[in-house]
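Chemist: Fold the following.
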Amino acid sequence: MSPESTRLQGRTALVTGSTGGLGVAIAKALAAEGARVIVTGRNKVRGDAVVADIRSAGGGADFVAADLGAGEDEIRRLATAAGDVDILVNNAGVWSSPEPTANITEATLLESYRANVVGPFLLTGALAPAMVARGRGAVVNIGSITGLIGGDKSALYNSTKAAVHSLTKSWAAEYGPAGVRVNAVAPGPIATERAAEAADHVAPVLARIPSRRMSTPEEVAAAVVFLAGDDAANIHGAVLSVDGGWAAV
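Modeler: I've put the predicted structure just below:
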């Protein structure tokens, strides 16, 4: 590790959904700042590869397989395996392609809420009390710019991310007085593999936002690192947009 990359030295960070996409960038960014990272997701092969990359760069990481959509027992098992966590990044979730509300089945509705809301809710509830007992900790939720604005045929996904933003503020009120900071990052379109699936939907947005481009995973990860660290010591309940200016215009 380079001498300047020690802002999170001695801290353990759990990043959900960190076997692919944005989660990998977040895990690597936290490790680069000195944190020991617990990589978690459903795919052990991909998880082990992320851990190997972090270790080869001089960082510390371990993999714990978990499916946050599998229910309370699975989430408790992950929390127990993780041990003392100083930084929790609630990144795991599912993206719902735009569909009219009338086309959404109950099964799809419940699946999205289970992954995007119930999982983070239960995991935070499992880990935050220990942070409170130690008098320190940080939770960073990954929301979305879509949780701040309306969107045609996007009621399902947007509402799950609006719920994440609401939880961020409520948890800030609940845990902040005990020294645990809770904030969120609200990305706009991110240049990941998944972005190709929504290229037609995203193109009109990119044409009118100030930056005229997607964010890179590393740019979003940098915002997570900032909110997780001491530079954000008096920031509670914030939803930081990393969206190229989409929310502004």
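
Chemist: Extract the C-alpha set from the longest helix seen in the chain and format it as PDB.
Modeler: In the chain, with assignment by DSSP state H, the single longest helix is helix 155-175. Output in PDB follows, covering the C-alpha atoms of helix 155-175 (Å, rounded to 0.1, in the frame of the first residue of the first chain):
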ATOM      1  CA  ALA A 155     -42.100   3.000 -10.700                       C
ATOM      2  CA  LEU A 156     -40.800  -0.300  -9.300                       C
ATOM      3  CA  TYR A 157     -37.000   0.400  -9.400                       C
ATOM      4  CA  ASN A 158     -37.400   4.100  -8.500                       C
ATOM      5  CA  SER A 159     -39.500   3.400  -5.500                       C
ATOM      6  CA  THR A 160     -37.000   0.800  -4.100                       C
ATOM      7  CA  LYS A 161     -34.200   3.400  -4.300                       C
ATOM      8  CA  ALA A 162     -36.400   6.100  -2.800                       C
ATOM      9  CA  ALA A 163     -36.900   3.700   0.100                       C
ATOM     10  CA  VAL A 164     -33.100   3.400   0.400                       C
ATOM     11  CA  HIS A 165     -32.800   7.200   0.600                       C
ATOM     12  CA  SER A 166     -35.500   7.400   3.200                       C
ATOM     13  CA  LEU A 167     -33.800   4.600   5.300                       C
ATOM     14  CA  THR A 168     -30.600   6.600   5.100                       C
ATOM     15  CA  LYS A 169     -32.100   9.600   6.700                       C
ATOM     16  CA  SER A 170     -34.000   7.600   9.300                       C
ATOM     17  CA  TRP A 171     -30.900   5.500  10.200                       C
ATOM     18  CA  ALA A 172     -28.900   8.700  10.500                       C
ATOM     19  CA  ALA A 173     -31.400   9.900  13.100                       C
ATOM     20  CA  GLU A 174     -31.400   6.600  14.900                       C
ATOM     21  CA  TYR A 175     -27.700   5.800  14.900                       C
END
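
Chemist: helices and strands of this structure: which one bottoms out on pLDDT?
Modeler: Across the helices and strands of the chain, mean pLDDT, DSSP states H and E gives its lowest value to helix 199-206, namely a mean of 83.

Chemist: I'd like the next helix or strand past it.
Modeler: Downstream of helix 199-206, the next assigned helix or strand under DSSP states H and E is helix 217-228.

Chemist: For this protein, which segments count as helices?
Modeler: Using DSSP H, the helices of the chain run over residues 21-32, 44-56, 72-82, 106-113, 119-134, 155-175, 199-206, 217-228.

Chemist: Need the residues that contact the least confident helix or strand of the chain.
Modeler: Helix 199-206 has contacts (Cβ atoms under 8 Å, 6 or more residues apart in numbering) with 98, 188-189, 195, 212-214, 244, 246. No exception for glycine: its C-beta is placed from N, CA and C like everyone else's.

Chemist: which regions of the protein lie under the pLDDT threshold?
Modeler: 1-4, 196-197 (pLDDT under 70).

Chemist: please redo it, this time with the cut-off set to 90
Modeler: Residues of the chain meeting the criterion pLDDT under 90: 1-6, 69, 95-98, 150-153, 192-205, 247-249.

Chemist: Centre-most residue in it?
Modeler: In the chain, the centroid-proximal residue (Cα atoms, centre = their mean) is Asn91; its distance is 2.4 Å.

Chemist: thinking again about what came up before, Throw the contacts of helix 199-206 into JSON lines and include neighbour count, thanks.
Modeler: Listed next are the contacts of helix 199-206 as JSON lines, based on neighbours: other Cβ atoms under 10 Å:
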{"residue": "Pro98", "neighbour count": "16"}
{"residue": "Gly188", "neighbour count": "23"}
{"residue": "Pro189", "neighbour count": "24"}
{"residue": "Ala195", "neighbour count": "15"}
{"residue": "Arg212", "neighbour count": "10"}
{"residue": "Arg213", "neighbour count": "12"}
{"residue": "Met214", "neighbour count": "20"}
{"residue": "Gly244", "neighbour count": "22"}
{"residue": "Trp246", "neighbour count": "23"}
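
Chemist: That concludes my questions; thank you for your assistance.
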